[in-house]
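Engineer: Quick check, what structure comes out for this input:
(one chain, ligands or ions: 2)
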Amino acid sequence: MTVGLSATISFINLHPSKTEFPVTWISIRGIGTEIDHNTVILGGNYPGAVEVQNSSGLLIRNNLLTQPVWNRGDADYSAQGNKTDATNSDLAQPGLPHLNPDSSAVDFPGTISLPSVSSDIDGDQRPEGDRPDAGCDEIGALNWLIFLDGFESGDIGQWVS
Ligand SMILES: [Ca+2]
Ligand SMILES: [Ca+2]
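Structural biologist: Numbers count the residues shown, from 1 in each chain. Ligands and ions are numbered 1, 2, ... in the order given. Here you go, the predicted structure:
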């Protein structure tokens, strides 16, 4: 995916069998482009979850990425709050954008306040908890309630009584 204007709140997750040149990643050539709160988890060793070139003033913030930002040449950018060692274990379920509640992306210590990104990929309010979560998902109060009461196990007794 090549994005000329912005890349905010998107989700890219490639199957681990995709070990060659990836079909989808974020590639930026721009001026002042904001790349915020994206989740890009690539399956192989491709070094550019987000790659930048021939750009200036890029802001790359609070993303959840398999690799650090890759400067392919002549790119001036500021990277803040990105978690750059992401794996599928950061997700509640591979292929879906939601965070594993045990992931360090939840309230990731490096994330910064971005009032312009006030909701997540679900439309949930951001931030929840101590600080913004890295990536496209913010774990909200409802997420925690679902996990804590065992809803995911199929026991819906207390929901239908
Ligand atoms: Ca949070
Ligand atoms: Ca959410």
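
Engineer: and this structure, which residues reach ligand 2?
Structural biologist: Residues of the chain lying close to ligand 2 by CB under 5 Å from the ion are 120, 122, 124, 137, 138. Heads up, the C-betas are built off the backbone N, CA and C, glycines and all.

Engineer: low pLDDT regions in the chain?
Structural biologist: Within the chain, the segments meeting pLDDT under 70 span 1-8, 14-24, 141-161.

Engineer: tell me which of the residues of the chain next to ligand 2 is nearest to ligand 1?
Structural biologist: Ligand 1 has its nearest neighbour among the residues of the chain next to ligand 2 in residue 138, at 5.6 Å by CB to the ion.

Engineer: Okay, and that closest one sits in which element?
Structural biologist: In the assignment (DSSP states H and E), residue 138 maps to no helix and no strand.

Engineer: swap in residue 35?
Structural biologist: Counting by DSSP H and E, residue 35 is part of strand 34-36.

Engineer: Now do the helix or strand following that strand: everything it contacts.
Structural biologist: Sequence order places strand 39-41 as the next helix or strand after strand 34-36, per DSSP H and E. Strand 39-41 has contacts (CB atoms under 8 Å, 6 or more residues apart in numbering) with 10-14, 25-26, 49-50, 63-66, 86-88, 90-91, 97, 135-137.

Engineer: Filter these down to the buried ones and hand me the PyMOL line.
Structural biologist: Of these, the buried ones can be selected in PyMOL as follows, counting by 16 or more other CB atoms under 10 Å:
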select buried, resi 10+11+12+13+14+25+26+49+50+63+64+65+66+86+88+90+91+97+135+136+137
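
Engineer: Please tabulate the residues of the chain next to ligand 2 in a markdown table, including the columns distance to residue 106.
Structural biologist: Shown next, in a markdown table, are the residues of the chain next to ligand 2 (distance: CB to CB, whole Å):
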| residue | distance to residue 106 |
| --- | --- |
| 120 | 12 |
| 122 | 15 |
| 124 | 13 |
| 137 | 9 |
| 138 | 9 |
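
Engineer: Thank you, goodbye.
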